[in-house]
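Enquirer: no FASTA, just this:
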């Protein structure tokens, strides 16, 4: 059996909360999806994706509740899953139900409460992040914000994520503080292209809600999906590529 190379989030989650982050390493997919592609929607061989998911399944208490992610703000109760649903976040209060988000540059956000009674996995691409997918997931968790812990997983970093001024203006319209997360692109004309720090925007949104226990998202952890082509898939870098998974669940 292949040995998956996984990341264990470094955060003080309670003992009842378990979380894992995959890399691109340890699977069976062939170029350009080498090797642990978990996305069934990206053009990879279906049997390879099945085998990769089976390899991952050995680390989990149940099959993850996969979502059809559409860059929106819909949040589902993973324990009431009725098939592949259109949503960009899920939550659960039940043990052994695995919430999952798939990414290849977008920001994965894992959430739990200090008591270990509820968890959530959030897919925060720039559209969902701007429109409030993190806030929507936290509302579904239905616990006091100051009881919530957040972990920000591998995503395209602040020195690689190029966006136009229209994107910048959308974020600033939602929260003027977001202006701090944009710096002019050094190789583009002023106000043409900007470098966007999704980690900072996510932290701003969390803090505004009263959540201060925020982990991951540290540039020193070198989790930039765009620059680390050995460990991570990146849609911006490769266009045709696989997907990684960020998972969280409760145990009895």
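Expert: The structure has been received and is ready for your questions. Just so it is clear, the structure is predicted and the values come from calculations on it, not from any experiment.

Enquirer: Residue 92 touches residue 118, doesn't it?
Expert: Yes - assessed by Cβ atoms under 8 Å, residue 92 is found in contact with residue 118 at 7.1 Å. In short, each C-beta sits where N, CA and C put it, glycine included.

Enquirer: what do the two both touch?
Expert: Residues within reach of residue 92 and of residue 118 at once, by Cβ atoms under 8 Å, 6 or more residues apart in numbering, are residue 250.

Enquirer: what about the two, which has more around it?
Expert: For residue 92 versus residue 118, neighbours defined as other Cβ atoms under 10 Å are more numerous around residue 92 (25 against 20).

Enquirer: how far away is that one from residue 60?
Expert: 13 Å (Cβ to Cβ, to the nearest Å).

Enquirer: shared neighbours, the two?
Expert: Counting by Cβ under 8 Å, 6+ apart, the residues touching both residue 92 and residue 60 are residue 249.

Enquirer: so which helix or strand takes in the spatially most central residue of the chain?
Expert: Nearest to the geometric centre of the chain sits residue 108, at 1.1 Å (Cα atoms, centre = their mean). According to DSSP states H and E, residue 108 maps onto strand 107-113.

Enquirer: That strand pairs with which strands?
Expert: strand 119-124 (antiparallel), strand 148-152 (antiparallel) (DSSP bridges).

Enquirer: Could you single out the most deeply buried of the ones you listed?
Expert: Greatest average neighbour count among the strands paired with strand 107-113 goes to strand 119-124 (a mean of 29), per mean count of other Cβ atoms under 10 Å.

Enquirer: Past it, which element shows up next along the chain?
Expert: Next along the chain after strand 119-124, taking DSSP H and E as the criterion, comes helix 126-131.

Enquirer: and that next one, what's its mean pLDDT?
Expert: Across helix 126-131, the average pLDDT comes to 98.
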